[in-house]
Structures are given as structure tokens and as C-alpha cells.
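Colleague: no sequence for this one, just the structure:
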């Protein structure tokens, strides 16, 4: 089996992977690289999800790349527009020729003697295996499983005679016009699907166990559109980007320190949209504080508009069983349904569901501590992109890409071949916390045991604070004593006596 060597292997050709490759082209122009993707197209999430109305709930002035202005009038963009943006970015930066499609990465092994990763990928078109070696491995595979989403056990589902659809695998030929549709769930996917299906002729019931906070905003950013008429494109984009980051951070901060005030403001907006007779207490008042779970954005009040039109009903109840013709709820009510959509969440995974080992010792990421939320204690020459849960994903993806380029250039300048995060002596007794604090959404809670830990001090914190991480990740010195750079002569055969494990105190 032939093995191809590259300076950098990037896993994933979605929003993060294309951005990472563009940063490499710009900041490390001499580096060779390849992108490996299991699918047959660029775009990741924005090519996979094809359900009605699919869109971002982050504005494109922050979800867009820092080096490529978003030019369209709509700041809350639909999936096809975002996919076009990612493809255009790849074309403009000559990335397509570096992508190997139909390559499902299954394993990665680090060898300290050669200071290289060996990456194995199954070629899904042919069923054989391809092998690659690289000096640095950069995981941009996203945070959810491509194999399928989260699907609870629903009693009686086997006897249901209608159509059951999960949004991750939407059938292209699904005809839902004039059909009775039940959407199970009230997260971001459901909030997108429900009004889109209703506006295209379906009669929709959204069934939720408990409510979600929602906020309505226009899908166009009037200030951004005005600035583009007055200022150079890049300057207008930069100003809008920082405006939206600042406003988003201000809002999130207030949810932490003044939750009751924010809650009252959000519910006031819902009551204004739905009228005094609507039962906002039952259907739109969660038991938790704003941003304990992700807020849902309603562009142009589309969900409220379809509720007011009678095309959508929100049902707050739990499911007793599926019947032959729909659902029976614990309250005793029966909901007839021609189609049931299980918008019940994604299945979160760690580092692309790849099997890793360092010098033959398997890596268990829950036993590691995350360095700046992107590298892992005891694991050399590996970075992974994990974005924000309280802001746009790409804000952090851009920071991490620039950090990786900075590390690669530093290794070249110092003649070192290995960089490994290692707990310093003063870190070994620090308190360890979940990878993301203060966030209780179900998809996250179900997977916390799979994720690395974070510490109580820098650089081991995962702050989820873009303004702070611009300093921590973007501008901080690399010689912090925790990121250790070594040459081949200094590389021990066991990578400093194996992985630094949480269970052993680092």
C-alpha cells in the first residue's frame, strides 16, 4: 500500500477544514497539505443537511471567515447560500486540488522516533485502505456523528404506518404539502423546519417536552448593508463583525449576571408577537435560565407568523406511544400525522470518531486536559477545531487556524519537530472541570463523558469567550511552559512516559 506524505493532513472539507486550508496557504505557503473527507463534496454540514428552510442561526458576518467578507444582504443566510460561500472560498484559494474525497479517516498513530503521524483512511468508493503520513494532524471534522443523529426510543414506532424522517437524512422527494406533520423537538432544527414546512403547505404540530427560549431578529443587518455602500468592503465587514461580536457577548454576559431581566425581555417579545391570549407560560417559558441551553433565533418572526396563521400548533407534552396513525400523548390527546419528523438532536462525538494512539498507547480523550481548547495533554502535533456554543463557530475556527500556523512557523524557526501540551508542575493539582461549563443542552450533556477536561487556569481553560481568546489563542506567547517544543534528539520513545492522564493527576 502506497503512503503519501504531507506536512499537514487536515481531516474534513467543511466550513472549518476549508478555512484551515486557506490559512495554511496564506500563512505557511511552503507547507504541503491534503484534506481528507469521507463524502464526495465540499461543505460538510452545509452540504449534508437538506431539510426545508435549513439556515444558520448565527449571522454571516461572524460565521463567515475573517479573511472573506460576506457580501449578501441577508445576514441570517440559508444553507445553499452558505454552501456557495464555502465553495467560492475554496475556489478563490485554490483548495479543491488538495482534497481527497471518499476518504473516511479511521485511525491515526503517532511515532516519536520519526515525529510523524500515520493516518489510515478507508476509501469508501472502493473499500480499500489509503495511508498518509504527516508532521502535523489537524482535525476539522466537526462535532457530530455523520452516521446518524440522536433518536430516543419511542414506544410503538414500529406500528406507525406513516413516514418517519430525521432531518440529517432528509429525502429529496418527500412531498409534505397538504399533509399533517408532527415535528418532535424544539431546538434550532425544529424551529427552522416548522415554519418552512408550514409556509409550503403543511399543517404542522411541534411537540416538545419543554419549551426553548426564542428571539426574533430581522434576517438582514441594516447597519452592515449601509456600511457596504459607504466604506471599502473589507473595512465594512470588519466593523460589522466586531459590532456583532460585541453585541453578542454583551447579551450573553447579561444572561449570566442578570438572567431574570433577560428572561423577562425575551418573554415580552414572545407575548408581543403572539398576543395576550396565547399561553406563553406553557409553550415558551423554559425551566432554565437563558443560555443555559442554546437560544433559538427566529428570523423575521417566521415561527410566530405561522402560529398566528393557524398553520402551526405548539404542543407541550410528552409522548406515550406511537399509534398506527400518529402519536398518543401522556395527556391522552392523540395527534394524527402523515409524517413524523424526529428533530431530536445530533449525536456529539470526539475528534471525528477516529481511533488515536501515541507510540502504540491508545489515546482516551476524556483522560486528557485540553490546551486552549484545541490540543490535548500528552498528544503531540495534533490540533482540533471546536467552535463556540455561545457565538459563531467560525470565530474560534479562525483563531485556531491562525494558532496552528503560528505553531508550525515556530517549529520551523526553532528547528523542532514535536510540540506537546504537558501539564506543568504547578498544574498537576488543579481542579478539573467539564470541557464546556454552564451549558445543559441535551446533545452536550449526553456526550460530556467523551470529551477532554479543562483546568482552572490558563492555558488549560476553554473559556468560550472570543474577546479573551483573541489574546489567549491569538496573541499569547507559545513559550508558556505548557506547550513543549522538542527536536528529534530530545524525543523520547514514549512521549514523556506516555500520555498525561487525568486519573494520575496529569
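Modeller: Perfect, I can see it now. Here the structure is a predicted model, which is why all the values come from computation and not from measurement.

Colleague: any idea how this structure splits into domains?
Modeller: If the domains of the chain are taken from automatic domain parsing, they occupy 3-146+347-504, 157-342, with pieces of a single domain joined by a plus sign.

Colleague: where does the first one sit relative to the chain's centre, distance-wise?
Modeller: Here the centre of domain 3-146+347-504 is set off from its chain's centre by 12 Å, with Cα atoms, centre = their mean, to the nearest Å.

Colleague: What of the last one?
Modeller: Here domain 157-342 is found 19 Å from its chain centre; the criterion is Cα atoms, centre = their mean.

Colleague: Now do the strands in the stretch 401-506 of the chain.
Modeller: For the stretch 401-506 of the chain, the strands identified by DSSP state E, counting those that start in this stretch occupy 418-421, 433-434, 453-454, 483-486, in order along the chain.

Colleague: Where is the longest strand in the chain?
Modeller: Of all segments of type strand in the chain, defined using DSSP state E, the longest is strand 129-139.

Colleague: mind listing what the helix or strand following it pairs with, with the direction of each?
Modeller: Sequence-wise, the next helix or strand downstream of strand 129-139 (DSSP states H and E) is strand 163-165. When sheet partners are counted by DSSP bridges, strand 163-165 sits next to strand 339-342 (parallel).

Colleague: What mean pLDDT does the partner strand get?
Modeller: Taken as a whole, strand 339-342 has an average pLDDT of 97.

Colleague: Identify the residues contacting it?
Modeller: Residues lying outside strand 339-342 but in contact with it, judged by Cβ atoms under 8 Å, 6 or more residues apart in numbering, are 149, 151, 160, 162-167, 174, 176, 179-185, 190, 193, 202, 322, 326-327. Every residue, glycine included, has its C-beta placed from N, CA and C.

Colleague: Tell me the buried residues in it?
Modeller: By 16 or more other Cβ atoms under 10 Å, the buried positions in strand 339-342 come out as 339, 340, 341, 342.

Colleague: So, low pLDDT: which residues of the protein?
Modeller: Judged by pLDDT under 70, the chain has its weakly predicted residues at 1, 488-506.

Colleague: Could you list which residues are in contact with residue 70?
Modeller: If a contact means Cβ under 8 Å, 6+ apart, then residue 70 has 60, 61, 64, 77, 85, 237 as its contacts.

Colleague: what about it, which helix or strand?
Modeller: With DSSP H and E as the criterion, the answer for residue 70 is that it lies in no helix or strand.

Colleague: again with the one 10 residues further on
Modeller: Here residue 80 sits within helix 79-92, counting by DSSP H and E.

Colleague: immediately after that helix, which helix or strand?
Modeller: Assigned by DSSP H and E, the successor of helix 79-92 is strand 99-100.

Colleague: Which strands and helices lie in contact with that following strand?
Modeller: Under the contact criterion of 3 or more Cβ pairs under 8 Å, 6 or more residues apart in numbering; DSSP states H and E, the helices and strands touching strand 99-100 comprise strand 33-36.

Colleague: contact partners of the strand it packs on?
Modeller: When contacts are taken as Cβ under 8 Å, 6+ apart, the neighbours of strand 33-36 outside the stretch itself are 4, 6-13, 17-18, 21, 24, 95, 98-100, 103, 105, 119, 121, 132.

Colleague: run the last query once more with 10 Å
Modeller: For strand 33-36, the surrounding residues in contact (Cβ atoms under 10 Å, 6 or more residues apart in numbering) are 4-14, 17-18, 20-21, 24-25, 42, 90, 95-105, 119, 121, 130, 132, 134, 136, 138, 140-141, 352.

Colleague: So in that sheet, which strands flank that strand, and in what orientation?
Modeller: Using DSSP bridges, the neighbouring strands of strand 33-36 in the sheet come out as strand 3-11 (parallel), strand 99-100 (parallel).

Colleague: ok, so what distance separates the nearest residue to residue 297 once chain neighbours are set aside from residue 344?
Modeller: Taking Cβ to Cβ, 6 or more residues apart in numbering, and ignoring the residues beside it in sequence, residue 297 has residue 57 as its nearest neighbour in space, at 4.1 Å. To residue 344, residue 57 is 18 Å away according to Cβ to Cβ, to the nearest Å.
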